[in-house]
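**Q** here's my sequence, what's the structure:
(2 chains)
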Amino acid sequence: MAAGVATWLPFARAAAVGWLPLAKKTMPKPPIDKKNRNDEILFVNVSGLRFQTWKNTLDRYPDTLLGSSEKEFFYNEDTQEYFFDRDPEMFRHILNFYRTGRLHYPRQECIQAFDEELAFYGIVPDIIGDCCMEEYRDRKKENQERLAVDTEAEMATDTPLPPHSTHRERLWRAFENPHTSTMALVFYYVTGFFIAVSVIANVVETVPCRPLKGSKKDLPCGEKYSLAFFCMDTACVLIFTFEYLMRLFAAPSRCKFMRSVMSVIDVVAIMPYYIGLVMPENEDVSGAFVTLRVFRVFRIFKFSRHSQGLRILGYTLKSCASELGFLLFSLTMAIIIFATVMFYAEKGTKGTNFTSIPASFWYTIVTMTTLGYGDMVPNTIAGKIFGSICSLSGVLVIALPVPVIVSNFSRIYHQNQRADKMRAQQKVRLARIRLAKKGTTNAFLQYKEEGGFHDRDHDGALCLKNRSSFEHQHHHLLHCLEKTTNHEFTDELTFSEMCMTESVGYRTSRSTSISSQQGVSTSCCPRRAKRRAIRLANSTVSVSRGSVQELDTLHVHKTTIRPQSRSSLNARTEDLKLNCDDRDFTAAIISIPTPPANTPDESLPPSPAIPGILRNSRSSSFTHETVKISSL
Amino acid sequence: MSGCARRCKHGLVKFAVSVSKLVTGTLNKDKLDDDLELSIVCHRPEGLEQLEAQTNFNKKELQVLYRGFKNECPSGVVNEETFKQIYSQFFPHGDASTYAHYLFNAFDSSHNGSIKFEDFVTALSILLRGTTTEKLEWTFNLYDINRDGYINKEEMMDIVKAIYDMMGRFTYPALKTDTPKQHVDAFFQKMDKNRDGVVTLDEFIVSCTEDENIMRSLQLFENVI
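**A** This is a model prediction of the structure:
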């Protein structure tokens, strides 16, 4: 019930006294209302703007934030007011809702901001008054459309394929988005070229060429060079057939594909050729055959895959179907009326062109569209008068639906433009987001390198840069996660390197020498070692993720590797094991990455700060050889 | 015949005027401006002190009441249509318009088709803070539709039917067609002491004071405000 009715309720209850003498039974006891009847003024402070209102006003809607006890959470004891850290301009409208019972939508505000405020204050948007409901709905729909377009654009084209897609999926993707791979692009342009060739051939073969020797008549080129044209046609149709079959094969849903417009156009484009092959050279049938050749012109519609403008036009016509229908209907009515009138007006004239009403249709159409060929003209005065009225009304009838169609086209066109712009902006935005993300991860890695995890009384504490408490806590959280999963964070570069080297296999090219030293590393590691070790560890992690099997199998070997020379290292790059000082049974398979550009080339001991990189439960006592891998 | 000719001439004149307007291209002036002026009628109540003196409410209560009233009806008066709408919201099951009509007449002491704040608050004062006699008198006025000082069977039938209309169709036990009549007969049985077919004010008050149930129920409605 509306709040306004609540005001009248005590009054209606009081009026119930009028039923008492009539009542057959005693009245029930009224509910006891312990509420304090006295009204008081509440202070509501919204971002500094102070509002005051009666408590009763807010109590009118008990299922909203301000009407329920939820507002007590925002009560500030010191200032004796309710403080909300929200938009004060919007709050004005919210409070007006309580006062008047009608929610209005402020037109200059963003629809999403308004919705958020409503959600915060617990007000359902359905109660927006009739005066503002239409505007609100329109804006909301527009906003949703825009967001839908964005997410669609985001998801549709440039997302990378899932790694395990079949050939069929890849093929379909290549067809739908030609810019994803070069092959697709090449195919796209080739088909476009052949469509053009086919259309031009169709046009040129009707042009009269110079006649053959000995004959006077001009021959159309199609008949003169019939073999050449036939070959060209065959080639085009072969390409189109191949393309259609490929699309049919690759389509995720064949039935849906076969029903789509483009597929129908494809079929119609190639059918005449095959029918022509099948049909014999019969005189009777060749009439029908000629009509079939007309369908070849539909190949021009295949361009709509290549041209966005054509697609927009088609879409506009589809969305303006009702306006076009109206235009057609009103024109038909007007044509019939005027044709009848003209026929009867010109009936008396001798040798008139207006032989019947259908014959007058032609005159009416030509006049209404202001073409005025002049092949049919009225002679009588009445005919001329009606003829002029006809042309005037024709202009009006045609001019009326045109602006609607134009506005539809403009809206769709702009939407398309916006979609393209959005896609371009999206790329830039995603790149920026990726950069920012990389920044934070790098910050964490750097934090680790700089010995942030050591105790504060370490010397390294001084070299810790100034970081906010937020960052400290964030890093601590990431560190907790690392400890939980027993894996470490790495950066993209190293990870991709690891993947590459793993796939490539043994690495032979190494610019720096890899020396191996057997030695036990100490607990204190220099900074660089740590970094490299981390990289190493991470690479270990990455490799191991992909090749745990190898890890297991290689454990069995238990070979002690003494990679003294490069060659031996080459041979057994996959068997290097790391030493851990504290007897953590860490087995690691490392494939040596290509040395990154910024590393110095000292040899250094592997750090024991990679304990627990990979705790393989199966690693029983291994003798570890320390392998020093330098220049990593 | 002459009326017809007059009407034809009138129609012809109007047609000629509209054609001339079309030809000369004059635009239609807005007719809305006339309508706007009629709707702004305002009524202000008497002062707070006077109302306090006239009714049994104190200042604070009057303030709360007036604020609510003014919020709902900024023009200061309630007309019958609004009244009916409000009542139909309270009793959505059935048709409350008839009863609302009678109630409206009971409130509208000046009988000019609109309830002002004074009427509103006076009636409330009687119903909630008045003596038993005052309440019963008010009820008698409600039942006495034509204000002749007597309640006869037809008036009572109307009132009872209106009340049963508010119940709607879906009741338990189901309403029969003669239920109102039975109710009225029972009422007259109780109230009409001298069996003359009408109930006077004194008969009404005496009968009600004798009835325990009614007296008890009257006390329940004190705390509505």
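**Q** chain B versus A:Thr369, what's the distance?
**A** Computed as CB to the nearest CB, to the nearest Å, the A:Thr369 to chain B distance reads 27 Å. From N, CA and C alone the C-beta is placed, and that goes for glycine too.
**Q** what's the nearest residue to that residue if we skip its chain neighbours?
**A** Take A:Thr369 and drop its neighbours on the chain: the residue closest to it by CB to CB, 6 or more residues apart in numbering or on different chains is A:Gly394, 6.2 Å away.
**Q** which strands and helices lie in contact with the host helix or strand of A:Ile433?
**A** For A:Ile433, the host element (DSSP states H and E) is helix A:402-449. In terms of contacts (3 or more CB pairs under 8 Å, 6 or more residues apart in numbering or on different chains; DSSP states H and E), helix A:402-449 is packed against helix A:130-156, helix A:308-319, helix A:321-345, helix A:469-485, helix A:527-546.
**Q** looking at those, which is closest to A:Thr441?
**A** Set against A:Thr441 and scored by CB to CB, the helices and strands packed on helix A:402-449 come closest in helix A:469-485, at 8.7 Å.
**Q** now do the SS call for B:Leu109.
**A** If you look again at residue B:109, you'll see it is Ser, not Leu. coil (DSSP: H, G, I helix; E, B strand; the rest coil).
**Q** kindly list the main-chain dihedrals of it?
**A** Note on B:Ser109: backbone dihedrals following degrees, to the nearest 10 are phi -70, psi -30.
**Q** tell me, how many residues neighbour it?
**A** 14 (other CB atoms under 10 Å in any protein chain shown).
**Q** how close does it sit to A:Asn76?
**A** Using CB to CB, to the nearest Å, B:Ser109 is found at 49 Å from A:Asn76.
**Q** just read off the phi/psi values of B:Thr131.
**A** In terms of degrees, to the nearest 10, the main-chain angles of B:Thr131 are phi -80, psi 170.
**Q** sorry, wrong one. I was asking about A:Cys209.
**A** Dihedral angles for A:Cys209 - degrees, to the nearest 10 - are phi -100, psi 170.
**Q** ok, now which ones touch B:Gly76?
**A** Shown in contact with B:Gly76 (CB atoms under 8 Å, 6 or more residues apart in numbering or on different chains): B:42-45, B:70, B:116-117.
**Q** ok, back up a step: switch the helices and strands packed on helix A:402-449 over to JSON lines; also include mean neighbour count and mean pLDDT.
**A** JSON lines is the format used below for those (neighbours: other CB atoms under 10 Å in any protein chain shown; pLDDT from 0 to 100):
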{"stretch": "helix A:130-156", "mean neighbour count": "13", "mean pLDDT": "77"}
{"stretch": "helix A:308-319", "mean neighbour count": "14", "mean pLDDT": "83"}
{"stretch": "helix A:321-345", "mean neighbour count": "16", "mean pLDDT": "89"}
{"stretch": "helix A:469-485", "mean neighbour count": "13", "mean pLDDT": "75"}
{"stretch": "helix A:527-546", "mean neighbour count": "21", "mean pLDDT": "43"}
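**Q** between those, which one is closest to B:Ile126.
**A** Comparing the helices and strands packed on helix A:402-449 against B:Ile126 with CB to CB, the closest turns out to be helix A:130-156 (38.3 Å).
**Q** quick one, the closest one and helix A:402-449 angle?
**A** 60 degrees (axes from the mean of the first three to the mean of the last three CA atoms, to 10 degrees).
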